[in-house]
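Enquirer: what follows is a predicted structure for the sequence shown.
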Amino acid sequence: MKIVVIGGTGLIGSKLVTGLGEHGHEAVAAARNTGVNTVTGEGLAGALAGADVVIDVSNSPSFEDTAVMQFFETSTRNVLAAEADAGVRHHVALSVVGTDRLPDSGYFQAKLAQERLIEKAGIPFSIVHATQFYEFTRAIADAASTDGRTVHIAPVLYQPIAADDVARAVGKTAVGSPLNGRREIAGPEQFRMDEFFRDALAAWNDPREVVTDPDARYFGARLSERSLVPADGAVLGEIRYADWPGRR
């Protein structure tokens, strides 16, 4: 099976290309550094020729509200049009748990717009909603720190997942029948977000104090108790945060 991975040289994409190749599939990495630009359309037709499945794990180079919306709308339209021309039979996209719960997040709204384009395209599809990656823990902490001394985190539920588990779940979805719907994936353990970050920073010997702040924003968005965690029935990863190599 020929599977093209849009964003195939990034964190999740590179793991997908390796894993799918090890299982006997022709996995092709499509990214700017392989000559494919989904925003301009450059190289798309050639990369998708003969493809059975396309997995889109690409991300916007800018998280500014207007820029991120423009990226996901333009890129997704171009990819879907190229898929229709190539006769692709399954479109898989990686998105985020809670896209419909954070209306004041420009990033989440852009991902929601991407999902709506996929639903309307007429190509069989699967959308995988993942929780936050372990690998982004430090970046999330940095975004929640305005003075370099404290990190303000809301005491809400949090269930992050390892990138390796994300790649495995997306790969399994890609080689299966299209869901024509969504699948949620999350880590094997649920935490209080403030407690998780307090323990994470302590493990890194990071001197910043984690402040429990019910009004703390998550990249500009106000969180409720279950904004970032999946509903019952989510596919759970196997790697516990305590066992993740990056924890220390």
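Expert: That came in fine, so what should we check first?
Enquirer: please enumerate the helices of the protein.
Expert: 11-22, 44-48, 65-86, 106-120, 137-143, 163-175, 193-203 (DSSP state H).
Enquirer: tell me the spacing between E73 and I3.
Expert: Distance check for E73 against I3: by Cβ to Cβ, to the nearest Å, it reads 24 Å. Placement of C-beta: from N, CA and C, glycine included.
Enquirer: those two - which one has more neighbours?
Expert: Remark: of E73 and I3, I3 carries more neighbours, 24 against 15, as counted by other Cβ atoms under 10 Å.
Enquirer: hmm, that one is touching G24, no?
Expert: No. Under the criterion of Cβ atoms under 8 Å, I3 makes no contact with G24, lying 10.9 Å away.
Enquirer: quick check: bridge partners of the nearest residue to G233 once chain neighbours are set aside?
Expert: Nearest non-adjacent residue to G233, counting by Cβ to Cβ, 6 or more residues apart in numbering: E184, 7.5 Å away. With DSSP bridges as the criterion, E184 is bridged to H129.
Enquirer: change the start of the numbering to 48 and stick with it
Expert: Happy to do that; since the first residue is 48 now, the last one works out to E231.
Enquirer: what's around E231, how many residues?
Expert: Number of residues near E231 (other Cβ under 10 Å) recorded here: 21.
Enquirer: for the one 3 residues further on, same thing?
Expert: When neighbours are defined as other Cβ under 10 Å, G234 has 28 of them.
Enquirer: phi and psi next, for it.
Expert: Backbone torsions for G234, taken as degrees, to the nearest 10, come to phi -70, psi 170.
Enquirer: tell me how far the closest residue to A129 other than its chain neighbours lies from N125.
Expert: Spatially, and ignoring its direct neighbours in sequence, A129 is nearest to L91 (4.2 Å; Cβ to Cβ, 6+ apart). Shown here: L91 relative to N125, a distance of 6 Å by Cβ to Cβ.
Enquirer: swap in W251?
Expert: Summarising the geometry, the distance separating W251 from N125, computed by Cβ to Cβ, is 40 Å.
Enquirer: more neighbours: those two, which one.
Expert: When W251 is set against N125 and neighbours are counted by other Cβ under 10 Å, the residue ahead is N125, at 18 against 14.
Enquirer: just the pLDDT for the more buried one.
Expert: At N125, the model reports a pLDDT of 98.
Enquirer: one more: A210?
Expert: According to the per-residue confidence, A210 scores 98 in pLDDT.
Enquirer: my guess is it meets I59, correct?
Expert: Yes. The pair formed by A210 and I59 meets the contact definition of Cβ under 8 Å, at 5.9 Å.
Enquirer: ok now do R229, which residues does it touch?
Expert: S142, E162, S173, I174, V175, H176 (Cβ atoms under 8 Å, 6 or more residues apart in numbering).
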